[in-house]
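Enquirer: sequence? don't have it. structure:
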Ligand code: HEM
């Protein structure tokens, strides 16, 4: 028996079920299941299958246990199929997972609480944008932001209800921002620099009272290649002649591109000469250099037209009859006329209304990129394009200037003789016809942007330098006297100065260099960008990061100049009084992007300055203290000032 029981038991086990019970209990259990399961499992849909299986199992067991029934029946009451007393018996069973009927059954999910994720993200993004705007625009958008925050708060509290309060959300956002900022700063392998704050970067390190001094202090502390954060964007501050040389000369092809700014996109669509990049810039620059050379930059033809303009300028100053006057208008007119001659083939009278308007428009356009309005536009182009401000004035000036230039182009098209180009526009129209390279973009539209760039880069720079020259001569009369006596000795009073006189005028030439060095009109050259990861001074400059070249630092290098913060022509003279050339004197920058107008500017500076010194003695007004503080602009000029121009005895 035990043997048989054990075999049956094994058989049952192999079926997955083992019963230790008596047959009455099994029959009652069978009956119970047959009654209950249909009710319980109705919804599961497998009642019949289960029942069949259970009944089959039960009857198998009954059959298997049949020999025991006779023995057991004597001591137990007869089995009643309607009786449930079988349940009173204890029974045990074990089972295999694979035989379970309910494995597919899953508890239905509870009703989920849908989170408005998209809304939440949108709100978070909006808050970050508003926080940036608030930090930068300050008072300008303070009220707007306040109202926005209040209404956002009510919207948020409605959205979030009891779930999360607004303060909690703001704190959460700040923490999130801080963590992201720390991660960005710490994981960025950048040259050293002051630690940036979230959103505003190093604005506080740069400060507002003396931003230029701050850049120099940062360079002194962190070296010639350091990192600064303008807002949340890192950029490289490059200082020192050796770093400039390593980046812009030794790696000339790596550092030729300019980074993109929305303001440039809006003003010139990234075309023209100054802010363009890549193949198009290369072709436009090549053409500009060749054309300037063709029209005699560095040759007699151009020298003669500059000398003619010198006479117009001196005649106009003569009409002031030694009375106080502001030289700005006349000097700017004279310099602008040199570019007009090269580009349009004619000059304007100094009081020509159109000429004035053109200069005003150019002024508006070229002041914008470095003004606060320009910076705001670069950060929030969409928002700023809807708001009033000086950026809108500059955009309007560009729109006004375009028809003026289109009219010049139209006239040139009508009158030009392709075999005998008269000026830049004629040559460019020729190139439009000839050039097969569509990516070089020789188009009438690009011609307009190139002309704007030639005027913008070529007028204010040279006229600011000449105005500084007059101011320094008034401020340092002993220098003016020495220059005049050298000119009197070498050239005399009966002829105009010529470029060939340069070598015989070492003191005058040294003074012109010192004027450029001390005036230091271009603090930063327009930004550059590396087109691949590279190093300068052993420090990594990553591809695409903006590089800010601080030109000012080079012209005030105390290793190069004995008294860098004083006006001292001896910086460019040797012990024998001969002119001393210095490699690190780079007011026109260096490398492939250096000023293409350098030669023209040098001619203008020499001829205008010596002509003015030959014809006039410049003096201050009585009791007047002239300020040497420069204006902030693409190129920095002196503030408006008045002087006397006392005529000397010129006879030509
Ligand atoms: C005292 C006078 C001038 C100074 C100090 C000066 C200085 C500079 C400097 C520092 C640059 C930036 C170079 C760089 O990115 O590394 C530049 C660019 C430029 N300058 Fe001048 N410049 C003067 C006069 C002129 C004149 C007369 C012209 C007109 C032909 C001119 C046309 C340009 C142009 C078109 C560029 C842009 C070049 C480019 O991005 O490829 N500049 N100048």
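Expert: Thanks, I have it. Predicted model only: the values in this text are computed from it and were never measured.

Enquirer: what comes into contact with stretch 577-588?
Expert: With contact meaning Cβ atoms under 8 Å, 6 or more residues apart in numbering, stretch 577-588 is reached by 241, 244, 503, 506-507, 509-510, 513, 516-517, 520-522, 551, 554-555, 557, 560, 571-574, 594-595, 597-598, 601. From N, CA and C alone the C-beta is placed, and that goes for glycine too.

Enquirer: Which members of the residues you listed additionally contact the ligand?
Expert: Residues shared between those and the neighbourhood of the ligand are 521-522, 594-595, 597, 601 [Cβ under 6 Å from any ligand atom].

Enquirer: Need the max-distance pair from the residues you listed.
Expert: Pairwise distances across these peak at 15.3 Å for 521 and 594 (criterion: Cβ to Cβ).

Enquirer: Comparing the two, which shows the higher neighbour count?
Expert: Neighbour count, other Cβ atoms under 10 Å: between residue 521 and residue 594, residue 521 has more, with 25 against 15.

Enquirer: Which element, helix or strand, includes that one?
Expert: Residue 521 is part of no helix or strand, with elements assigned from DSSP states H and E.

Enquirer: Tell me the secondary structure at the closest residue to it other than its chain neighbours.
Expert: Leaving aside its chain neighbours, residue 521 sits nearest to residue 635 (4.3 Å; criterion: Cβ to Cβ, 6 or more residues apart in numbering). Here residue 635 is recorded as coil under DSSP: H, G, I helix; E, B strand; the rest coil.

Enquirer: count of residues packed around residue 635?
Expert: As a burial measure, residue 635 scores 22 neighbours (other Cβ under 10 Å).

Enquirer: Quick check: of the ones next to the ligand among the contacts of stretch 577-588, which lies closest to the ligand?
Expert: The shortest approach to the ligand among these belongs to residue 597, at 2.1 Å (Cβ to the nearest ligand atom).

Enquirer: correct me, but the closest one touches residue 456?
Expert: No. Checked against Cβ atoms under 8 Å, the pair residue 597 and residue 456 is beyond contact range at 11.0 Å.

Enquirer: which other helices and strands contact the strand or helix carrying residue 129?
Expert: Element membership of residue 129 [criterion: DSSP H and E] is helix 117-137. Judged by 3 or more Cβ pairs under 8 Å, 6 or more residues apart in numbering; DSSP states H and E, helix 117-137 is in contact with helix 139-160, helix 166-187, helix 372-379.

Enquirer: Bridged to the nearest residue to residue 277 once chain neighbours are set aside, which residues?
Expert: Using Cβ to Cβ, 6+ apart and skipping the chain neighbours, the partner closest in space to residue 277 is residue 257 (4.0 Å). Note on residue 257: beta-bridge partners residue 529, judged by DSSP bridges.

Enquirer: Pull the number of nearby residues for residue 257.
Expert: Residue crowding around residue 257 was assessed by other Cβ under 10 Å; the count is 18.

Enquirer: What separation do you get for it and residue 225?
Expert: Note on residue 257: its distance to residue 225, by Cβ to Cβ, to the nearest Å, is 18 Å.

Enquirer: Same check on residue 560?
Expert: In terms of Cβ to Cβ, residue 560 sits 19 Å off from residue 225.

Enquirer: Between these two, which has more neighbouring residues?
Expert: Just comparing residue 560 and residue 225: by other Cβ under 10 Å the higher neighbour count belongs to residue 225, 26 against 16.

Enquirer: SS state for residue 418?
Expert: coil.

Enquirer: the helices in the stretch 201-350 of the chain, which residues?
Expert: For the stretch 201-350 of the chain, the helices defined by DSSP state H, counting those that start in this stretch occupy 203-206, 211-222, 241-244, 262-268, 278-294, 300-318, 328-343.

Enquirer: and of the ones you listed, who's closest to residue 446?
Expert: Using Cβ to Cβ, the helices of the stretch 201-350 of the chain put helix 278-294 closest to residue 446, at 7.0 Å.

Enquirer: helices and strands around that closest one, which ones?
Expert: In this structure, helix 278-294 packs against helix 424-434, helix 444-475, with contacts taken as 3+ Cβ pairs under 8 Å, 6+ apart.

Enquirer: run the last query once more with 10 Å
Expert: Other helices and strands packing on helix 278-294, by 3 or more Cβ pairs under 10 Å, 6 or more residues apart in numbering; DSSP states H and E, are helix 300-318, helix 328-343, helix 424-434, helix 444-475, helix 598-615.

Enquirer: Serialize those to CSV and add fields for mean pLDDT and distance to residue 181.
Expert: CSV is the format used below for the helices and strands packed on helix 278-294 (pLDDT from 0 to 100; distance: least, Cβ to Cβ, whole Å):
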stretch, mean pLDDT, distance to residue 181
helix 300-318, 94, 54
helix 328-343, 96, 46
helix 424-434, 96, 48
helix 444-475, 96, 37
helix 598-615, 97, 43
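
Enquirer: Export these as JSON lines, with columns for mean neighbour count.
Expert: Output for these, formatted as JSON lines (neighbours: other Cβ atoms under 10 Å):
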{"stretch": "helix 300-318", "mean neighbour count": "17"}
{"stretch": "helix 328-343", "mean neighbour count": "23"}
{"stretch": "helix 424-434", "mean neighbour count": "18"}
{"stretch": "helix 444-475", "mean neighbour count": "23"}
{"stretch": "helix 598-615", "mean neighbour count": "22"}
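
Enquirer: Tell me which of the ones you listed sits nearest to residue 398.
Expert: Comparison of the helices and strands packed on helix 278-294 against residue 398 by Cβ to Cβ identifies helix 444-475 as nearest, at 7.8 Å.

Enquirer: Is the closest one in proximity to the ligand?
Expert: Yes. Judged by Cβ under 6 Å from any ligand atom, helix 444-475 comes into contact with the ligand at 453-454, 457-458, 461-462, 465.

Enquirer: okay, the angle between the following helix or strand past that helix and helix 598-615?
Expert: Counting by DSSP H and E, the element after helix 444-475 in chain order, helix or strand, is helix 477-490. Helix 477-490 runs at 90 degrees relative to helix 598-615, counting by axes from the mean of the first three to the mean of the last three Cα atoms, to 10 degrees.

Enquirer: Which residues does helix 477-490 contact?
Expert: 469-470, 472-474, 476, 493, 497, 501, 503-512, 514-515, 567-569, 609-611, 613-620, 648-649 (Cβ atoms under 10 Å, 6 or more residues apart in numbering).

Enquirer: Now the buried members of those.
Expert: With burial judged by 16 or more other Cβ atoms under 10 Å, the buried subset of the contacts of helix 477-490 is 469-470, 472-474, 476, 497, 501, 505-512, 514-515, 567-569, 609-611, 613-620.

Enquirer: Return the distance of residue 345 relative to residue 635.
Expert: The spacing between residue 345 and residue 635, counted by Cβ to Cβ, is 26 Å.

Enquirer: How about the residues of this structure by the ligand?
Expert: Contact residues (Cβ under 6 Å from any ligand atom) of the chain with the ligand: 273-274, 285, 453-454, 457-458, 461-462, 465, 521-522, 525-526, 587-589, 593-597, 600-601.

Enquirer: give me the residue from the stretch 351-500 of the chain nearest the ligand.
Expert: For the stretch 351-500 of the chain and the ligand, the shortest gap (Cβ to the nearest ligand atom) falls at residue 458, measuring 2.9 Å.

Enquirer: I'd assumed residue 332 was in contact with that residue.
Expert: No. With contact defined as Cβ atoms under 10 Å, residue 458 does not reach residue 332; the gap is 11.5 Å.

Enquirer: between residue 597 and residue 456, what contacts are shared?
Expert: Shared contacts of residue 597 and residue 456, defined by Cβ under 10 Å, 6+ apart, are found at 273, 339.

Enquirer: where exactly do the strands run in the stretch 501-650 of the chain?
Expert: Per DSSP state E, counting those that start in this stretch, the stretch 501-650 of the chain carries strands over the ranges 528-529, 534-536, 539-541, 546-549, 616-619, 644-647.

Enquirer: Can I get these in JSON lines including mean pLDDT?
Expert: Listed next are the strands of the stretch 501-650 of the chain as JSON lines, based on pLDDT from 0 to 100:
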{"stretch": "strand 528-529", "mean pLDDT": "96"}
{"stretch": "strand 534-536", "mean pLDDT": "96"}
{"stretch": "strand 539-541", "mean pLDDT": "94"}
{"stretch": "strand 546-549", "mean pLDDT": "96"}
{"stretch": "strand 616-619", "mean pLDDT": "96"}
{"stretch": "strand 644-647", "mean pLDDT": "96"}
